[in-house]
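Student: below are the sequence and a predicted model; questions follow.
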Amino acid sequence: MIKEIKKISNNNVDFLNLQENHISIQLSLDGFSFCIYNKIQEEIGVFAEFEFENNSNSPYKHLEQVKQLYDQETLLHVKYESVSVSHFNNLVTQVPKAFFNKNNLKDYLQHTIKVLKNDYITFDEVCNSEIINVYIPFININNFLLDIYGTFTYKHSSTILIEKLLNNYKNLEGDFCFVNVSNTTFEIIVLKNKKFELFNTFSFATKEDFIYYILFTAEQLNLNPEEFNLVLLGAVEKESELYTISYQYIRNIKFHEPSTFSSILSSISSHSNFTLLNQL
């Protein structure tokens with residue numbers, strides 16, 4: 001079953017001239033979101049977020065849910081001038097560029113996740129860094145999207161997350177721990193002494209799980225909770241229990257503030273949907 005979480009439309013954007021419009025899509029096991037951006041008007045035309053209530057690790061059932069969504073959303077079938085797709089999952093690892101060999105992709109992943117014989121493995125170069133992101137995309141959904149749109153670009157969502165945070169914060173003094181929250185998982189990115197230090201993904205069920213993994217990461221990297229900056233993104237608000245428990249243990253907490261944010265999205269937090277909106 002598919003649940004619509006949010007859908008925002010901008011009547012000022014022209015969808016008839018396809019050469020003006022770009023669509024960004026984010027895929028995950030438990031959801032699907034997309035954003036249509038008009039390049040000429042420099043405005044977001046549609047933002048939409050959906051949740052798969054009966055999410056499954058089965059690639060076949062996952063594809064069926066995506067196909068069902070495409071059956072009900074006519075805007076997804078438009079032949080846009082450009083299309084970008086991000087894959088959100090925990091099937092990813094980082095490799096220093098100096099040690100990277102594209103013939104060893106399976107070796108990099110199998111130390112942290114179970115890699116199946118038929119898994120398709122690929123990689124992204126993280127811009128303005130010495131990092132290669134090696135990951136397993138939802139390749140069956142990629143093939144489905146290829147039939148819909150023809151060519152498109154795709155990346156792992158963490159590639160976009162790391163790239164943008166590095167660009168925005170690498171010249172700032174202090175140590176930063178970024179936490180990007182989704183329904184049952186969160187990603188941690190640490191910048192220490194203006195350098196990328198760590199990326200990891202954790203699953204959590206309670207607020208105690210949430211703060212435990214943050215403090216555990218800080219301890220492993222010798223980050224002082226009285227000194228480092230915790231920057232929150234994604235599905236977390238100041239009124240939430242996740243924020244409240246974090247504030248009990250960490251002195252410096254703030255939400256990521258983008259330099260620009262469309263007025264049409266006033267009903268959602270500016271720190272949410274970071275990777276989707278940064279594909280535009």
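Tutor: Here it is on my side, so go on.

Student: quick one, domains of this protein?
Tutor: Structural domains assigned to the chain are 2-89+138-151, 92-126, 168-255, following automatic domain parsing.

Student: endpoint to endpoint, the longest one covers what distance?
Tutor: For domain 2-89+138-151, the separation between the terminal residues is 27 Å (Cα to Cα, to the nearest Å).

Student: how about the helices in this structure?
Tutor: 59-72, 105-109, 139-149, 157-169, 207-220, 241-249, 274-277 (DSSP state H).

Student: in the stretch 101-250 of the chain, which ranges drop under the pLDDT threshold?
Tutor: For the stretch 101-250 of the chain, no stretch is flagged by pLDDT under 70.

Student: before we move on, the earlier item: how about the helices of the chain in a markdown table, adding distance to residue 7 and mean neighbour count?
Tutor: From N, CA and C alone the C-beta is placed, and that goes for glycine too. Formatted as a markdown table, these follow (distance: least, Cβ to Cβ, whole Å; neighbours: other Cβ atoms under 10 Å):
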| stretch | distance to residue 7 | mean neighbour count |
| --- | --- | --- |
| helix 59-72 | 12 | 15 |
| helix 105-109 | 35 | 18 |
| helix 139-149 | 20 | 15 |
| helix 157-169 | 21 | 21 |
| helix 207-220 | 28 | 16 |
| helix 241-249 | 25 | 15 |
| helix 274-277 | 14 | 22 |
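
Student: returning to that earlier point: between the domains of the chain, which one is closest to residue 275.
Tutor: domain 2-89+138-151 (5.4 Å; Cβ to Cβ).

Student: from what I can see residue 267 touches residue 5, true?
Tutor: No. Using Cβ atoms under 8 Å, residue 267 makes no contact with residue 5, being 11.6 Å away.

Student: between these two, which is the more surrounded one?
Tutor: Comparing residue 267 with residue 5 by other Cβ atoms under 10 Å, the one with more neighbours is residue 5, at 12 against 8.

Student: surely that one meets residue 50?
Tutor: Yes. Counting by Cβ under 8 Å, residue 5 does reach residue 50; the two are 6.3 Å apart.

Student: find the residues that touch each one of the two.
Tutor: Residues within reach of residue 5 and of residue 50 at once, by Cβ atoms under 8 Å, 6 or more residues apart in numbering, are residue 31.

Student: and residue 201, how close does it get to residue 229?
Tutor: 20 Å (Cβ to Cβ, to the nearest Å).

Student: ok, now residue 81?
Tutor: Residue 81 sits 39 Å away from residue 229, taking Cβ to Cβ as the criterion.

Student: who has more neighbours, these two?
Tutor: More neighbours surround residue 229 than the other of residue 81 and residue 229, with 19 against 12 (other Cβ under 10 Å).

Student: so who does that one touch?
Tutor: Taking Cβ under 8 Å, 6+ apart as the test, what residue 229 contacts is 174-177, 252-254.

Student: between those, which has the most around it?
Tutor: Neighbour counts for these (other Cβ under 10 Å) peak at residue 177, which has 25 neighbours.

Student: contacting residues around that residue?
Tutor: Residue 177 makes contacts with 188-190, 214, 217-218, 223, 228-231, as judged by Cβ under 8 Å, 6+ apart.

Student: closest to residue 162 out of those residues?
Tutor: Nearest member of these to residue 162, counting by Cβ to Cβ, is residue 189, at 6.0 Å.

Student: so the closest one sits against residue 162, correct?
Tutor: Yes. Contact criterion Cβ under 8 Å: residue 189 and residue 162 qualify, at 6.0 Å.

Student: which residues are common contacts for the two?
Tutor: 196, 199.

Student: next up, the contacts around residue 187.
Tutor: By Cβ under 8 Å, 6+ apart, residue 187 lies in contact with 158, 161, 178-180, 199-201.
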